[in-house]
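Student: A predicted structure for the sequence below; I have some questions about it.
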Amino acid sequence: MTQFIVPPAHFPTTYWHKLDDGRTQCDVCPRACKLHDGQQGLCFVRACEEGRIVLTTYGRSSGFCIDPIEKKPLNHFYPGTPVLSFGTAGCNLACKFCQNWDMSKSREMDTLASFAMPDQLVETAQHRGCRSIAFTYNDPVIFMEYAMDVARACRQQDIKTVAVTAGYICPAPREAFFYWMDAANVDLKAFTEDFYFKLCGAHLKDVLDTLEYIRHETKTWLEITTLLIPGANDSDKEIAQMSQWIYQHLGPDVPLHFSAFHPDWKMRDTPATPPETLTRARHIARDNGLLYVYTGNVHDPSGSSTYCPGCGKRLIERDWYQLGEWNLNAQHACNQCGTIIPGHFETVPGSWGSKRMGVHIS
């Protein structure tokens with residue numbers, strides 16, 4: 001059924017303001033870039049033109065691809081379904097360990113060779129049988145106007161939208177942005193301010209505020225990913241503290257993914273994450289009350305499958321991105337003990353599997 005949804009009237013229509021010294025401040029993220037005409041923010045895609053902050057890359061992408069939804073990663077949001085995925089260039093963080101640096105750190109407009117307007121993306125998703133569209137590969141916060149317009153078009157056709165984000169966004173644009181997002185995976189990069197400041201050029205508190213906002217003030221389905229980096233954020237103490245915070249502030253039902261780091265960008269001398277580190281982290285998080293904890297970027301069918309917190313039965317078997325055993329009933333509950341599993345599930349799981357398919361949109 002077509003849904004016509006009018007956003008709240010109090011949402012801002014611009015995300016910038018003029019300063020007394022003649023510069024214009026971007027109000028999208030906590031960086032608050034203050035720009036003269038012709039300058040770009042740290043994110044690269046937001047620039048000052050004639051005293052206004054504009055998105056210079058609206059409708060432009062580094063490419064489109066159909067992924068399994070589990071790759072985002074989202075394990076409780078229409079498992080097994082395909083998602084039309086795309087990103088742009090640039091980022092509002094400066095992570096030295098970026099795993100998508102060729103896109104997020106790009107300053108070349110040639111990176112954005114593909115073009116698609118919102119209606120074209122929706123038509124493509126429908127034609128290809130995609131249940132959702134994901135804004136991913138780089139952070140959609142920086143191209144929020146484009147992402148929100150796509151999401152608005154999606155909602156009219158019952159196509160879901162997914163934001164894969166670091167959650168580094170100010171309160172006013174945050175409210176408008178997540179109003180349109182059906183699901184989000186937020187990258188909680190670590191649980192110390194020192195890590196965020198030294199390795200990301202950002203602040204932990206702003207991300208925690210976003211997590212609490214999504215969980216308690218929106219209808220957006222939330223999952224969290226933490227990339228574990230050897231010697232940087234993988235200590236038992238830090239993992240326990242993060243797990244305890246999630247339990248206390250977000251609740252035990254929020255899925256948490258521990259993902260493996262591989263040497264990249266400016267941290268090529270740091271070793272890859274051993275699989276046993278992810279298993280250890282998963283056990284710590286579960287011991288601290290979290291019910292749905294997963295491992296990622298490694299072959300670990302046990303750590304990537306979903307289990308019933310009531311009776312321990314395996315409910316959704318996963319081998320990489322391939323689904324196997326399925327033991328949820330039509331009410332999205334364990335078919336053995338009846339425990340309801342939080343999330344968004346179809347009666348029958350999707351069968352997209354692990355395929356990854358490039359898409360050209362003309």
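Tutor: Good, I have the coordinates. Numbers count the residues shown, from 1 in each chain.

Student: which residues in the stretch 51-200 of the chain form helices?
Tutor: Under the criterion DSSP state H, counting those that start in this stretch, helices of the stretch 51-200 of the chain are mapped to 101-104, 118-128, 144-155, 171-179, 193-195.

Student: Can you tell me which of the ones you listed is most buried?
Tutor: helix 144-155 (a mean of 22; mean count of other Cβ atoms under 10 Å). For glycine as for every other residue, the C-beta is placed from the backbone atoms N, C-alpha and C.

Student: still on that earlier bit, include distance to His299 and mean pLDDT when you put the helices of the stretch 51-200 of the chain into a markdown table, please.
Tutor: Listed next are these as a markdown table, based on distance: least, Cβ to Cβ, whole Å; pLDDT from 0 to 100:
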| stretch | distance to His299 | mean pLDDT |
| --- | --- | --- |
| helix 101-104 | 24 | 56 |
| helix 118-128 | 28 | 96 |
| helix 144-155 | 32 | 96 |
| helix 171-179 | 33 | 96 |
| helix 193-195 | 27 | 97 |
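
Student: Any figure for the gap between Ile133 and Ser259?
Tutor: 22 Å (Cβ to Cβ, to the nearest Å).

Student: As a check, name the ranges of all strands in the stretch 201-350 of the chain.
Tutor: 221-228, 256-260, 293-296, 306-307, 314-319, 322-326 (DSSP state E, counting those that start in this stretch).

Student: Present the helices of the stretch 51-200 of the chain as CSV; the columns should include distance to Leu74.
Tutor: Formatted as CSV, those follow (distance: least, Cβ to Cβ, whole Å):
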stretch, distance to Leu74
helix 101-104, 20
helix 118-128, 16
helix 144-155, 16
helix 171-179, 15
helix 193-195, 24
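
Student: looking at these, which is closest to Pro82?
Tutor: Closest approach to Pro82 among these is made by helix 118-128 (6.9 Å; Cβ to Cβ).

Student: I'd like the strands of the stretch 201-350 of the chain as JSON lines, with mean neighbour count appended.
Tutor: Compiled in JSON lines, the strands of the stretch 201-350 of the chain are given as follows (neighbours: other Cβ atoms under 10 Å):
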{"stretch": "strand 221-228", "mean neighbour count": "24"}
{"stretch": "strand 256-260", "mean neighbour count": "23"}
{"stretch": "strand 293-296", "mean neighbour count": "23"}
{"stretch": "strand 306-307", "mean neighbour count": "22"}
{"stretch": "strand 314-319", "mean neighbour count": "20"}
{"stretch": "strand 322-326", "mean neighbour count": "15"}
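
Student: Which parts of this structure belong to which domain?
Tutor: 16-55, 61-304 (automatic domain parsing).

Student: so of those domains, which one's packed in deepest?
Tutor: Each of those was scored by mean neighbour count; the highest is domain 61-304, a mean of 20, by mean count of other Cβ under 10 Å.

Student: Reformat the strands of the stretch 201-350 of the chain as JSON lines; add mean pLDDT and distance to Ala190.
Tutor: Shown next, in JSON lines, are the strands of the stretch 201-350 of the chain (pLDDT from 0 to 100; distance: least, Cβ to Cβ, whole Å):
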{"stretch": "strand 221-228", "mean pLDDT": "98", "distance to Ala190": "7"}
{"stretch": "strand 256-260", "mean pLDDT": "97", "distance to Ala190": "12"}
{"stretch": "strand 293-296", "mean pLDDT": "97", "distance to Ala190": "16"}
{"stretch": "strand 306-307", "mean pLDDT": "98", "distance to Ala190": "25"}
{"stretch": "strand 314-319", "mean pLDDT": "97", "distance to Ala190": "26"}
{"stretch": "strand 322-326", "mean pLDDT": "96", "distance to Ala190": "30"}
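
Student: mind giving me CSV with the ones you listed and columns for distance to Cys91?
Tutor: Shown next, in CSV, are those (distance: least, Cβ to Cβ, whole Å):
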stretch, distance to Cys91
strand 221-228, 15
strand 256-260, 18
strand 293-296, 20
strand 306-307, 31
strand 314-319, 29
strand 322-326, 31
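
Student: where along the stretch 201-350 of the chain do the helices fall?
Tutor: With DSSP H, counting those that start in this stretch as the criterion, the stretch 201-350 of the chain has helices spanning 204-217, 236-249, 275-287, 301-304.

Student: who are the neighbours in contact with Pro173?
Tutor: Residues in contact with Pro173 (Cβ atoms under 8 Å, 6 or more residues apart in numbering) are 12, 15, 27-29, 141, 144.

Student: Take the residues you listed and keep only those in strands.
Tutor: Of these, none are assigned to strands by DSSP state E.

Student: Gly312: which of these is nearest?
Tutor: Each of the contacts of Pro173 was scored against Gly312 by Cβ to Cβ, and Val141 proved nearest at 38.2 Å.
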